[in-house]
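Participant: here is a sequence together with a model predicted from it:
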Amino acid sequence: ELDAEGRMRRLQRNVEAALAAQGTELSDVSLDLANGRISTARELEFVAGEADFKDPTSAERALGEVAAVLRACNSELARHGSLPLQLVCEGYSLEGKVDTEISASRAEACKERIVH
């Protein structure tokens, strides 16, 4: 019987295999499921003071990969009778002041592209 970390490592191997079988290449996302992380390879940049992506094409590609990973993870978890992963999107602003409203809007912009 595997411990929780071992189960997550197995999940990651199975997810990577499923994505490869689908022809889905992860060029903009890295997986570390043993530590509960799915990360974009680079920061998603936004227009200053806004929740609009500076490079919408790059953001769509990266967030599309995150969505594919989540679907594959949750499919694999469902096969084993486990609950799906929950997604937490974190947004922040480096524009010299704390702006929780814009940070929340940026996180929501990412979430919308992943979920839909």
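Facilitator: All right, it came through fine. Since we're looking at a predicted model, the values are computed, not measured.
Participant: check whether Glu50 really touches Asp99, as I assumed.
Facilitator: No - with contact defined as Cβ atoms under 8 Å, Glu50 does not count as touching Asp99 (10.8 Å). Yep, even glycine has a C-beta here, placed from its N, CA and C like the rest.
Participant: tell me which other helices or strands the worst-scoring helix or strand of the chain on mean pLDDT touches.
Facilitator: Every helix and strand in the chain was compared by mean pLDDT, DSSP states H and E; the lowest is strand 37-40, with a mean of 87. Identification of packing neighbours for strand 37-40 by 3 or more Cβ pairs under 8 Å, 6 or more residues apart in numbering; DSSP states H and E yields strand 29-32, helix 56-79.
Participant: so of these, which one's packed in deepest?
Facilitator: Ranked by mean neighbour count under mean count of other Cβ atoms under 10 Å, these are led by helix 56-79, which reaches a mean of 17.
Participant: residue closest to the middle of the protein?
Facilitator: In the chain, the residue lying closest to the centroid (Cα atoms, centre = their mean) is Val66, at 3.7 Å.
Participant: just confirm that one contacts Arg37, I think it does.
Facilitator: No - contact criterion Cβ under 8 Å: Val66 and Arg37 do not qualify, at 11.1 Å.
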